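Enquirer: The following block contains a protein sequence and its predicted model.
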Amino acid sequence: MSIVRRFTLLSSLMLFSQAAAQDQAVTLVSPGDGPQQKLAYKFTPGQFLNYEVDHKMTFNVRYQQNVSKTREETQTWKQLRIVNVDESGNATLEPMISRVKMMAKFDAEPEITYDSQNNTEAPKKFAPVAEAIGKTYVRLQFAPNGELLRVAALPGAPEHLAEAATKPDAQYNFLIVFPKEPIGIGAIWKDRFQVPVTVDKKLSQQVSLQRQYTLTGIQGTTATITLKTSVITPINNPEVEGQLVQRTPNGIIEFDLERGVITSQTMSVVGQAVGAFGPMTALDASSTTHEKLVPAATAVQPAALKR
């Protein structure tokens, strides 16, 4: 089914973004109990942070008695360079993808694979990601609580990034935004954001989603935070429901309070939408993503920095 392919590789193209424009300000629902402390990022000029990301997705579409199956697996090695930190603690970060290994399989067709370290040419499906390997397109400035303050496109950046420089659109924010107030165990904070969905060929609309974070525990210097994402706008259109299935992840984040960095994130999505592609169709989708901070000595380094 060609309709399946419109949704494949979506997560692979969102290697640094939370994939949704959001209101940066968060609402503190409950400050929690016990000792209160601020959660804040502590970046250092010249610092490099290296992350490895494993993503797996299955995407099945049923039409009457027929089932079309898509499976995708992606390994991503990415790097954040801290360009500078001003006297207020606002940090300018420069993200870059160092390497990707990608696989996609559509029904009974042969697997499509790509490893940026070993393959000189990428399959067409993976070309947009392959083009970004080793390149720095943008610099982003963040407040200590993770709020995105500024987006600056670098020479050679795609047009949409150049346009983003006029407004700090939070779709480019790959950090969690913390409350500015001190919090304790059990603290809950929320943010609401909007994502575009297609209603028909000529009409689109914005749908409101909400992320709810809970500080569930602190062990040593590691704070554990749970995330739950839910749809706020009432939806009565099964095709719109199908577009939202992959946009409501739940997960667990670990944050090092002493170093001021995210050390791991594990996210999962399991969803179903009946009638997502018309009468007598049904969509089943599931995905898991695990991201972890790795030591510089074991991180993948690009052969050369490109711009």
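Expert: Happy to help now that I have it.

Enquirer: As a check, name the ranges of all strands in the stretch 151-300 of the chain.
Expert: Applying DSSP state E, counting those that start in this stretch to the stretch 151-300 of the chain gives strands spanning 183-185, 188-200, 203-219, 222-231, 250-256, 261-274, 281-294.

Enquirer: so which of those gets nearest residue 159?
Expert: Residue 159 lies closest to strand 188-200 among the strands of the stretch 151-300 of the chain, at 17.8 Å (C-beta to C-beta). The way it works is simple: take the backbone N, C-alpha and C, and place the C-beta from them, glycine included.

Enquirer: Which strands or helices does that closest one pack on?
Expert: strand 21-22, strand 27-30, strand 203-219, helix 238-244 (3 or more C-beta pairs under 8 Å, 6 or more residues apart in numbering; DSSP states H and E).

Enquirer: Make CSV from these and add mean neighbour count, distance to residue 83 and mean pLDDT to it.
Expert: Output for these, formatted as CSV (neighbours: other C-beta atoms under 10 Å; distance: least, C-beta to C-beta, whole Å; pLDDT from 0 to 100):
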stretch, mean neighbour count, distance to residue 83, mean pLDDT
strand 21-22, 18, 24, 42
strand 27-30, 14, 30, 96
strand 203-219, 16, 27, 93
helix 238-244, 20, 35, 90
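
Enquirer: Could you export the ones you listed as CSV, including distance to residue 71?
Expert: Listed next are those as CSV, based on distance: least, C-beta to C-beta, whole Å:
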stretch, distance to residue 71
strand 21-22, 29
strand 27-30, 38
strand 203-219, 26
helix 238-244, 18
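
Enquirer: Let me know which of these is the nearest to residue 289.
Expert: Once these are compared by C-beta to C-beta, strand 203-219 is nearest, at 15.2 Å.

Enquirer: angle of that closest one against strand 188-200?
Expert: For strand 203-219 against strand 188-200, the angle by axes from the mean of the first three to the mean of the last three C-alpha atoms, to 10 degrees is 160 degrees.

Enquirer: what lines up beside strand 203-219 in the sheet?
Expert: strand 188-200 (antiparallel), strand 222-231 (antiparallel) (DSSP bridges).

Enquirer: Would you indicate which residues of the first one are buried?
Expert: So that's strand 188-200. 188-191, 193-195, 197 (16 or more other C-beta atoms under 10 Å).

Enquirer: Show the average pLDDT along it.
Expert: Strand 188-200 carries an average pLDDT of 88.

Enquirer: Residues contacting it, please?
Expert: Strand 188-200 has contacts (C-beta atoms under 8 Å, 6 or more residues apart in numbering) with 19-30, 32, 170, 177-179, 183, 204-215, 232, 237, 239-240, 243-244, 247.

Enquirer: which ones are touching residue 39?
Expert: Contact analysis of residue 39 by C-beta under 8 Å, 6+ apart lists 145, 178-179, 183, 215, 223, 255, 257.

Enquirer: Please report phi then psi for residue 124.
Expert: For residue 124, the backbone dihedrals (degrees, to the nearest 10) come out as phi -50, psi -40.

Enquirer: Kindly provide the distance from it to residue 104.
Expert: According to C-beta to C-beta, to the nearest Å, residue 124 and residue 104 sit 11 Å apart.

Enquirer: again with residue 237
Expert: Using C-beta to C-beta, residue 237 is found at 28 Å from residue 104.

Enquirer: Between these two, point out the one with more neighbours.
Expert: residue 104 (22 against 15; other C-beta atoms under 10 Å).

Enquirer: looking at this, that one is in a strand?
Expert: Yes: with DSSP: H, G, I helix; E, B strand; the rest coil as the criterion, residue 104 is part of a strand.

Enquirer: Quick check: it vs residue 215, distance?
Expert: As defined by C-beta to C-beta, residue 104 lies at a distance of 37 Å from residue 215.

Enquirer: Return the residues in contact with residue 222.
Expert: Here residue 222 is in contact with 254-257, 263 (criterion: C-beta under 8 Å, 6+ apart).

Enquirer: Next, format those as CSV and append distance to residue 44, pLDDT and neighbour count.
Expert: CSV is the format used below for these (distance: C-beta to C-beta, whole Å; pLDDT from 0 to 100; neighbours: other C-beta atoms under 10 Å):
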residue, distance to residue 44, pLDDT, neighbour count
254, 20, 98, 17
255, 17, 98, 23
256, 13, 98, 16
257, 16, 97, 16
263, 16, 98, 18
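
Enquirer: List just the nearest of those to residue 90.
Expert: residue 255 (18.7 Å).

Enquirer: tally of neighbours for the residue nearest to the closest one when sequence neighbours are not counted?
Expert: Here the nearest residue to residue 255 in space, its sequence neighbours aside, is residue 223; by C-beta to C-beta, 6 or more residues apart in numbering that works out to 4.6 Å. For residue 223, the count of nearby residues is 21 (other C-beta under 10 Å).
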